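*Asks:* predicted model and sequence follow; I will ask about them next.
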Amino acid sequence: MALIPGTNLAAPIVPFDTSDTFPTHDSIYGLGGWREITPVVVAGSMQTDAQALAAIPAPRVREGMVVHVLGSLTYQYLTVAPATSPAWFSLVSLLSGTGSFDPSGSATTAQTNAEAAAATALTAATTTLNAAIVAAQGAATTAAESAASTALATAVSNFNTAITAAIGTAESFATAADTTLSGTLSAAIVAAIATAKTYTDTETTRAEAAELVLTNGLSGEVTRAENAEVLLTGNLTTEVSRAEGAEATLGTSITSLTATVTTNAGAVATEVSRAEAAESTLTGSVTTVTTDLANEVSRATGAEGTLTTNLGAEVLRATAAEGVITGNVTTITTDISNETSRATAAEGVLTTGLGAEVTRATGVEATLTSAAATEVTNRTDADTALGTLITNLTTTVTDLSGTESSAVSVEATARIAGDAATLTAAEAFATAADVTNLAAAKAFSANATNLTSGTVAAALLPVPSITTLGGVQAVSEVASNWISSITSFGVPTLSQPAASDITFDNVLYPTVEAALTALFYVPLVTNLTNTIGTVELGTTVESVVLNWTYSKPTVTSQSFDSGIGPLAVGLRTDTVTIASPGLNNANKTYTLTVNDGTKTTTAQTTVSFLPSVYWGVSPTLPLTSAEVLALGSSALAGSRGRTMTYNATGGNYPIYAYPASFEAPSSVFVGGLALSGYTVTAQDVTNAQGYTQSYNVCAFDNIQNGASITVVWS
């Protein structure tokens, strides 16, 4: 038993179950058997049957196959194998009786004529039927029932007429051919005629069925139109009802709104009346305020006039007092002058009249003392009156405003200055003893401890100190402030206390500041970096610059390990010089320790050394160390895992080289599919820093040509 080459099947090709409607194959892709073809337009012209048959691929053609040419109602039978010259025989020609089954592929002229005539007649009949059906369908679509029925009847009639004419024509040609060919019809021709008649009957049945379908479709369309009309009528009625309801609702809403407006009109009128009354009241209030303001202006003006009058009277009184003082001083001066003259005259008889002179001198001295006391009393009264005047004047001037106040103040100042000048002049005429007595009296009256009643001017109050009481100025209260100090002039100073100024009854937190600092403590965050970072194995590092920042503005201490030690708290960078031979191939970590006054934290930064991995393509294998470095792509890496894209255009091997200490790949994927066609080769590689180590060089086993080959090395 010989094996059959191809895709072997152990069972027929069937659907899953009897309910499936899927076909098991398509006839146009089969070899031989029964199939259908459809002529197509080629170069602007529709294919003939012969051209359509010739377009069937030769590997799908087998002697004995039958092909139905769609659209022409012809059936072609292959009589000669395609290895020679395919010869097609029209089975429709058997209907006419003008030809015979000729395995050689030849046909008589009568057979050909009968075949062509029958085919033409059947094609025309089919075209007429199809056009009629389309017309009937169009008529049904427009709901023209009578027109559709008429068109359908006409189509059926025309089709029957065309079929009859075609059969007649075919029979005529068949009779002529029968005469010509001497009645050599074979059993096959008879069967073909029977088949053609059967096809005619079948087509008639199909037309009648189509008529029934069209009739049913028309009826269904009429029913659908009637239903749609009923539905539209119902919808229209519903819409009318909805509109009427909406209109009624709108009317009700308008009525309600009108009632609301009417109701609110009263409220609006009331509100207007209330507003007018309020306006009237406000107008009255404004009038009252205006009147009160005018009265107050009149009162202030009157008070100002009274003050001016009083000031004038007080000035006259002070002037009179000044005249009395001047007269007294003049009298004292005259008495002193007379006494001097008398003493001079009596000097000669001093010895003899010493007793009498002592008695007289004592009397004069008593008189002088009494006069001085009187003068002191007058001066004290004048000073008191002048102080009272100044106080009253200051208070009044404060209450006054604008230019009038300034004028009064200027006048008062001028008068006071004049009084002072007059008093100074009067004192100039006094004797030294008078001045001494007056000064003593003034000092006595200016000492607050000698007062038993009355008030003392602010200027006469003693200056306060830590150990001495004195006058202190009042101060207005300010929220969250206290009196933090008092100047030597008795002026207090306000300030807001700091949290450190307020004590807190707690052993761990003696002040509010300490308690709040602990409560709201924010950890210190340190960012520490170095200027080297990661470098390739074999690199020599001779110095490192450390840079750091803090999340807080100040720290209390900071220091580094590695022999660096404490640093000034303001520094944020430090250059570390490394003794020979420097850092080489061994990672170095620097640790910063910092304290913010509450907690101590640390931060680290590392200078790292890593090997390079290399990848690229090469047209040849194996590679030297220099060729590995020249692959085109490289990176510092700590493991072998990497995804990369290769451009192998022109025929190249994709290559990946990495330190052998990373071990062999666990898996390799190309485009998502596992790759096993690669080879790992050990190779010593010396990098650009002169450092040599063993590498695994992984290369594809086959040359590639792709411009974008993505490889995952795991």
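*Replies:* The structure has been received and is ready for your questions. Numbers count the residues shown, from 1 in each chain.
*Asks:* list the strands paired with the helix or strand that contains Thr529, with their directions.
*Replies:* For Thr529, the enclosing helix or strand under DSSP states H and E is strand 526-530. Sheet partners assigned to strand 526-530 using DSSP bridges are listed as strand 543-550 (antiparallel).
*Asks:* and the contacts of the partner strand?
*Replies:* 524-532, 560, 572-578, 583, 588, 590, 592, 594, 596, 603, 605, 607 (CB atoms under 8 Å, 6 or more residues apart in numbering). Bear in mind the C-beta positions are built from the backbone N, C-alpha and C, glycine included.
*Asks:* run a quick neighbour tally on Thr591.
*Replies:* Thr591: 14 surrounding residues under other CB atoms under 10 Å.
*Asks:* select the longest strand from this structure.
*Replies:* For the chain, the longest strand by residue count, based on DSSP state E, is strand 600-610.
*Asks:* and the angle from that strand to strand 526-530?
*Replies:* Counting by axes from the mean of the first three to the mean of the last three CA atoms, to 10 degrees, strand 600-610 lies at 30 degrees to strand 526-530.
*Asks:* buried set for strand 600-610?
*Replies:* Buried positions in strand 600-610, judged by neighbour count with 16 or more other CB atoms under 10 Å: 603, 605, 607, 609.
*Asks:* ranges for the helices of the stretch 551-700 of the chain?
*Replies:* For the stretch 551-700 of the chain, the helices defined by DSSP state H, counting those that start in this stretch cover 625-629.
*Asks:* ok, which stretches of the stretch 401-550 of the chain are strands?
*Replies:* Secondary structure of the stretch 401-550 of the chain, counting by DSSP state E, counting those that start in this stretch: strands at 482-486, 492-495, 526-530, 534-536, 540-541, 543-550.
*Asks:* closest to Ser27 out of the ones you listed?
*Replies:* Among those, the nearest to Ser27 by CB to CB is strand 534-536 (70.6 Å).
*Asks:* what strands line up against that closest one, and which way round?
*Replies:* Note on strand 534-536: by DSSP bridges, its sheet partners are strand 600-610 (parallel).
*Asks:* could you chop this structure up by domain?
*Replies:* For the chain, the structural domains run 30-212, 341-460, 467-497, 519-609, 611-713, going by automatic domain parsing.
*Asks:* ranking those domains by mean pLDDT, which is last?
*Replies:* With a mean of 57, domain 341-460 has the lowest mean pLDDT of the domains of the chain.
*Asks:* out of the strands of the stretch 401-550 of the chain, nearest to Tyr656?
*Replies:* Across those, closest to Tyr656 is strand 534-536 (CB to CB), at 17.9 Å.
*Asks:* quick one: contacts of that closest one?
*Replies:* 541, 607-612, 636, 687-689, 691.
*Asks:* can you give me the strands in the stretch 1-150 of the chain?
*Replies:* 34-37, 41-42, 45-46, 66-69, 74-80, 87-90.
*Asks:* and the residue lying closest to Tyr29 once chain neighbours are set aside, what does it touch?
*Replies:* Leaving aside its sequence neighbours, Tyr29 sits nearest to Arg60 (CB to CB, 6 or more residues apart in numbering; 7.4 Å). For Arg60, the contacting residues are 29-32, by CB under 8 Å, 6+ apart.
*Asks:* how close does Arg60 get to Leu70?
*Replies:* 17 Å (CB to CB, to the nearest Å).
*Asks:* could you do Thr301 as well?
*Replies:* 126 Å.
*Asks:* which of the contacts of Arg60 lies closest to Thr281?
*Replies:* The closest of those, once distances to Thr281 are taken by CB to CB, is Tyr29, at 106.3 Å.
*Asks:* can you give me the helices in this protein?
*Replies:* 49-54, 93-96, 109-141, 145-181, 187-346, 354-399, 402-429, 432-446, 512-519, 625-629 (DSSP state H).
*Asks:* quick check: buried residues in the strand holding Thr529?
*Replies:* Within strand 526-530, judged by 16+ other CB under 10 Å, the buried ones are 526, 528, 530.
*Asks:* nearest to Val240, of those?
*Replies:* Thr526 (82.4 Å).
*Asks:* the closest one contacts Lys599, doesn't it?
*Replies:* No - Thr526 is beyond contact range of Lys599, at 11.9 Å (criterion: CB atoms under 8 Å).
*Asks:* which residue packs closest to Ile56, ignoring adjacent ones?
*Replies:* Nearest non-adjacent residue to Ile56, counting by CB to CB, 6+ apart: Ile37, 6.7 Å away.
*Asks:* next, count neighbours for that neighbour.
*Replies:* Count around Ile37 with other CB under 10 Å applied: 19.
*Asks:* ditto for the one 5 residues further on
*Replies:* Using other CB under 10 Å, the number of residues around Val42 comes to 11.
*Asks:* and for Gln76?
*Replies:* Per other CB under 10 Å, the neighbour tally for Gln76 reads 23.
*Asks:* what does Phe89 give?
*Replies:* Counted by other CB under 10 Å, the residues lying close to Phe89 total 24.
*Asks:* report pLDDT for the closest residue to Ser500 other than its chain neighbours.
*Replies:* Leaving out its chain neighbours, the residue that sits closest to Ser500 by CB to CB, 6+ apart is Glu513, at 4.1 Å. For Glu513, the pLDDT comes out at 82.
*Asks:* Glu513 and Ser484: what is the separation?
*Replies:* 17 Å.
*Asks:* so for these two, which sits in the more crowded spot?
*Replies:* Glu513 (15 against 12).
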